[in-house]
Every structure is written in structure tokens, then in C-alpha cells.
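Colleague: This is the structure alone, sequence omitted:
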Ligand SMILES: [Zn+2]
């Protein structure tokens, strides 16, 4: 599995860390210990070929005594994953049938209207982090929000070219004509931690590293404004700063800026702190001068929900 050289080994908000040496796997950022199906398949094929060709098997075992134990361990892990998978889907099936019974069938007319068209009022950009599900924390029901989730809830500027995030934005703004775009940041964001850990001269072979460089202006601003804070505190600062940078990046799309100026579209920032379970919300007060800098926007309607 590919490794990304990041500077922290934990998602804990309060952890101190050796930022110069620690290697962090991509899986650590999201806390998943499961292997991908492709990797499991590779292991299965590998084990299968061993069964078919005992000569290779014996040779390999002779040359690498540790391999036998590794194979046994792998078999146990595969068996465990295989055993758990049906249980996970059994649970999902139960939940789906519950949704159908308690929601869909009880409001059939609404869901049939939705099957013909959607008219969400919100476009939401949230982190891919499993703890930050906008529908769960803000109660969006089917049809209410067009959602795209990516690592660190970043909006790349127009000049960066196509990405799945701006493809979703284009559809939401130009076709669905949403009235609000809400970018939601969150506490303990592994993507922001990766951004804050970037070394300027490091290679960008990691997909995570390449993606989070979108947030470099927020990182730069954080390093300048919060240089007296420790690394974890700087990450908290950057989690909000990067939301504001994303709000400004939204305005680099002419079709977004035009609708904001005409009052057809409002741009909001949000910050979900899942340690204290609080939510902060604010709205970009755009003056529309055509030039983008922090001096040309201000924030209005700031609210703190606790
Ligand atoms: Zn995140």
C-alpha cells in the first residue's frame, strides 16, 4: 500500500508528534484498517498459486522461514474480513428496508416527485471523513442538498482545471440553480493535518499530498497568523482558514460570481467540531470588486450552535 510521508501519526487533536520522521499510511488518515478488495484478491491469487504449485511453495518457505507464519496470518485476516462482510451488508439491508418502510412508503408522493426531478436549495462541500456526514449532522433529507465530499473539503480555484468537485459545482449551480453553497470544515481533519505537514521540497507522488496542495494559501496564511501556536492549534486554525479560502476560490468561477453578484446565490462557511459537538456558520459578504483578496470580503451572519 502506498505510503504518504506526513508529519503526524495520529488523528488525535491533542497529540504531540515528531513531525520530521513519522511515516503515516493513507489508511491512518481515515482510520481504516481494512484492505481494499483488490489487495485481498491479490493475496487470494497468491495463496491459490501456492496451493497449485507445491514446489514453488516449498522453495519459498525454505528461502523465507517467516513467510509460512505470514501466510497463516494472512489467511486468518482474509477469513476475518470475509466473515464480517455479510454481517455489514445484513445491517445495511436492515437499514435500507427500515428507510423504505418508515420514510419512503410513508411519504410516497414526495419520493415519487423526487424520482422525477430534484431541486435542492443547498450545494454542500464536506470532507470525506466518515465522522462528518452532512445529512446526519444537519439533517438533510433526500432532495435537499447536492453534496460532494473530498479530502479536507477543499474547493480548487477555477485555474486548476477540472476536478470532480468543480464538476459537481457546475451542475449544482448552472443546472439545479441552488441558492446556497455551504463549505463545511471540521475538527481533527486528517487532510488539513497533511496540508500543514507538507514539506515545500517534498515530492508529490502521493495523491493526498497532490490534492491538499490546493489549500496551500490557507496554510501560508495560518503559518503567518498563528506562528506562535503549536502544531495542533495551527491545524485547528487552518481548518477554518481553508474554508474561507475555499469560499474565495468559489468566486473564481465566473458563473458562481455572477450569481452571487445578482443575489441569486449565497456562499457560506461552516465548521463542525465533533469533540464538543458544536457548529459554527457564517456567510461571505462579497462586495464584487472583481479582485480577490482577503481585504475584499467580509463575513456576516456568523452563528454558533452549541
Ligand atoms: Zn477532514
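Modeller: Yep, that arrived. Being a predicted model, the structure only gives us computed values, none of them experimental.

Colleague: Spatially, and excluding backbone neighbours, which residue is closest to residue 189.
Modeller: Sequence neighbours aside, residue 239 is the residue nearest to residue 189 in space, at 5.2 Å (criterion: CB to CB, 6 or more residues apart in numbering). C-beta here means a position set from N, CA and C on the backbone, and glycine is covered the same way.

Colleague: Does the ion have contacts with the strand or helix carrying that neighbour?
Modeller: Assigned by DSSP states H and E, residue 239 belongs to helix 231-250. No - Helix 231-250 lies out of reach of the ion by CB under 5 Å from the ion, never closer than 7.9 Å.

Colleague: Does anything pack onto that helix? Which helices or strands?
Modeller: strand 180-186, helix 190-196, helix 216-225, strand 266-273 (3 or more CB pairs under 8 Å, 6 or more residues apart in numbering; DSSP states H and E).

Colleague: got the buried residues for the longest one?
Modeller: Which is helix 216-225. Neighbour counts over helix 216-225 (16 or more other CB atoms under 10 Å) mark 217-219, 221-222 as buried.

Colleague: Show me the helices in the stretch 51-200 of the chain, by range?
Modeller: For the stretch 51-200 of the chain, helices defined by DSSP state H, counting those that start in this stretch occupy the ranges 54-63, 65-99, 108-116, 134-138, 164-170, 190-196.

Colleague: Going by mean pLDDT, which of these comes out lowest?
Modeller: In terms of mean pLDDT, the lowest-scoring of the helices of the stretch 51-200 of the chain is helix 54-63 (a mean of 50).

Colleague: Who are the contact partners of the residue in the stretch 1-150 of the chain that the ion sits nearest to?
Modeller: Among the residues of the stretch 1-150 of the chain, residue 127 lies closest to the ion, at 3.2 Å counting by CB to the ion. For residue 127, the contact set (CB atoms under 8 Å, 6 or more residues apart in numbering) comprises 149-153, 184-186, 189, 191.

Colleague: got it, and residue 128?
Modeller: Shown in contact with residue 128 (CB under 8 Å, 6+ apart): 30, 149-151, 191.

Colleague: Would you show me how to pick out the buried ones of those residues in PyMOL?
Modeller: A single PyMOL command is used to select the members of the contacts of residue 128 judged buried by 16+ other CB under 10 Å:
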select buried, resi 149+150+151+191
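
Colleague: Out of the contacts of residue 128, which are close to the ion?
Modeller: residue 191.

Colleague: Quick check: residues of the stretch 51-200 of the chain near the ion?
Modeller: Contacts of the stretch 51-200 of the chain with the ion, taken as CB under 5 Å from the ion, map to 127, 129, 189, 191.
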